[in-house]
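Undergrad: how would this look folded up:
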Amino acid sequence: MESYSLFQHSFGRLIYYYEDKSVELFNLKNDLSEEHDLSQTHSDKKKELYTKLMDWLRQTRAPIPTQPNPDYVAEK
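TA: Coordinates of the predicted model:
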């Protein structure tokens, strides 16, 4: 399983993946099944939610992976 952090917001959900540092953004009001990643078309919202996620992780001193998960195998 890939390591990630998730931030839920009224807009939707942002997922940050630690292995490849990628981000996915979903509007759960219109896409409850998370099929349409909006991270490329809503870059301002992506940046805003990413910043909130990173601030929250720092404020709560949440454990953050510092090395890739050795059991993670990327899908091809």
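Undergrad: hey, let's count contacts and neighbours off CA atoms from now on
TA: Fine.
Undergrad: and stretch 16-25, what's buried?
TA: 16, 18-19, 23-25 (16 or more other CA atoms under 10 Å).
Undergrad: quick one: it to chain centroid distance?
TA: On the basis of CA atoms, centre = their mean, to the nearest Å, stretch 16-25 sits 5 Å off its chain's mean C-alpha point.
Undergrad: residue 8: how many residues sit nearby?
TA: Look at residue 8: counted by other CA atoms under 10 Å, it has 13 neighbours.
Undergrad: mind listing what it touches?
TA: residue 14 (CA atoms under 8 Å, 6 or more residues apart in numbering).
Undergrad: again with residue 39
TA: Counted by CA under 8 Å, 6+ apart, residue 39 has contacts 23-26, 46.
Undergrad: quick revisit: closest one of the buried residues of stretch 16-25 to residue 5?
TA: For the buried residues of stretch 16-25, the minimum distance to residue 5 (CA to CA) is 5.3 Å, reached by residue 16.
Undergrad: so the closest one is in which element?
TA: Taking DSSP states H and E as the definition, one finds residue 16 inside strand 13-17.
Undergrad: residue nearest the centroid of the chain?
TA: residue 15 (1.6 Å; CA atoms, centre = their mean).
Undergrad: contacts only, for that residue.
TA: 4-7, 23-25.
Undergrad: from the residues you listed, pick the one nearest residue 57.
TA: Among those, residue 5 lies closest to residue 57 (CA to CA), at 8.9 Å.
Undergrad: export the helix or strand bottoming out on mean pLDDT in the chain as CSV, just CAs?
TA: Between all helices and strands in the chain, the lowest mean by mean pLDDT, DSSP states H and E belongs to strand 4-8, at a mean of 92. Included here for strand 4-8 are C-alpha records, laid out as CSV according to Å, rounded to 0.1, in the frame of the first residue of the first chain:
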residue,chain,number,x,y,z
TYR,A,4,-0.6,9.0,1.8
SER,A,5,-2.2,11.8,3.8
LEU,A,6,-5.8,12.9,3.1
PHE,A,7,-7.4,16.3,3.7
GLN,A,8,-11.2,16.6,3.7
